[in-house]
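Colleague: Can you look at this prediction? I've put the sequence above it.
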Amino acid sequence: MSTAFLLALIPTFFFVSVTPGMCMTLALTLGMTVGIRRTMWMMLGELIGVGLVAISVVIGVAALIVQYPELFVVLKIAGGGYLLYLGIQLWRSKGKMAIDLNGTPKNTGRLQLATQGFITAVANPKGWAFFIALLPPFIDPTRPMPSQMVVLLSVILTLEALSLMVYALGGKSLSKVLQKSGNVRLMNRIAGSLMMGVAAWLALG
């Protein structure tokens with residue numbers, strides 16, 4: 001892989017990763033409510049989802065989605081409905097993801113967090129659009145595909161993980177500020193509003 005190739009690849013996908021979107025908003029929200037360590041489980045699911053989308057675009061699964069769009073619509077609506085439910089629970093300071101009014105984060109399940117990240121990544125229409133538009137120019141048909149995919153996925157997932165961590169740290173910092181002022185209910189409502197925004201974005205995007 002040439003230096004010129006990497007110099008084009010890294011800034012392109014850094015811009016895509018760091019731009020605010022559904023997954024970054026989710027990382028910010030969970031950083032506020034469940035803390036960095038537990039948010040990393042969501043990140044793991046999200047990164048698996050992003051990797052799956054990238055591989056699918058390269059091998060042509062995107063064409064199947066174009067042919068049967070109703071399957072993708074069902075996935076988007078189901079994922080959006082689930083996130084909407086979580087957002088409402090957060091707004092009401094209830095549920096496993098809400099911080100209780102004493103300021104203590106609840107013990108949200110790892111599988112639930114990972115699944116949340118995976119669904120958000122896989123059902124994100126803008127993610128598919130970005131990869132369909134940006135990945136093909138970086139694929140060289142004259143070179144072995146497996147080695148190219150290793151490099152592409154390494155760069156994409158590293159940049160995505162760094163961006164998710166930045167947003168999660170931002171959410172954690174905001175959480176500390178709000179907790180110091182005793183505004184735990186407000187923090188839950190901010191997180192709930194963000195989660196409902198992600199739900200609407202996912203279902204209607």
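Modeller: Sure, I can see it.

Colleague: Let me see the contact set for residue 164.
Modeller: When contacts are counted by CB atoms under 8 Å, 6 or more residues apart in numbering, residue 164 touches 23, 24, 27, 39, 43, 46, 47. For every residue, glycine as well, the C-beta is placed using N, CA and C.

Colleague: list the buried ones in the longest helix along the chain?
Modeller: Taking DSSP state H as the criterion, the chain has its longest helix at helix 145-180. Under the neighbour-count criterion of 16 or more other CB atoms under 10 Å, helix 145-180 has 148-149, 152-153, 155-157, 159-161, 163-168, 171-172, 174-175, 178-179 buried.

Colleague: quick one: which of the contacts of residue 164 is nearest residue 10?
Modeller: Checking the contacts of residue 164 against residue 10 with CB to CB, the nearest one is residue 47 at 17.2 Å.

Colleague: The closest one: how many residues sit nearby?
Modeller: For residue 47, the tally of surrounding residues (other CB atoms under 10 Å) stands at 22.

Colleague: just checking, it touches residue 161?
Modeller: Yes. Using CB atoms under 8 Å, residue 47 is in contact with residue 161, at 6.1 Å.

Colleague: can I get the contacts of residue 164 in TSV with secondary structure?
Modeller: Below are the contacts of residue 164 laid out as TSV (DSSP: H, G, I helix; E, B strand; the rest coil):
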residue	secondary structure
23	helix
24	helix
27	helix
39	helix
43	helix
46	helix
47	helix
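
Colleague: Select only the buried ones of those in PyMOL?
Modeller: Entered in PyMOL, the line below selects the buried ones among these, by 16+ other CB under 10 Å:
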select buried, resi 23+24+27+39+43+46+47
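
Colleague: which residues of this structure fall in helices?
Modeller: Listed in chain order (using DSSP H), the helices of the chain are 3-18, 22-33, 36-59, 61-67, 69-91, 110-122, 125-134, 145-180, 184-204.
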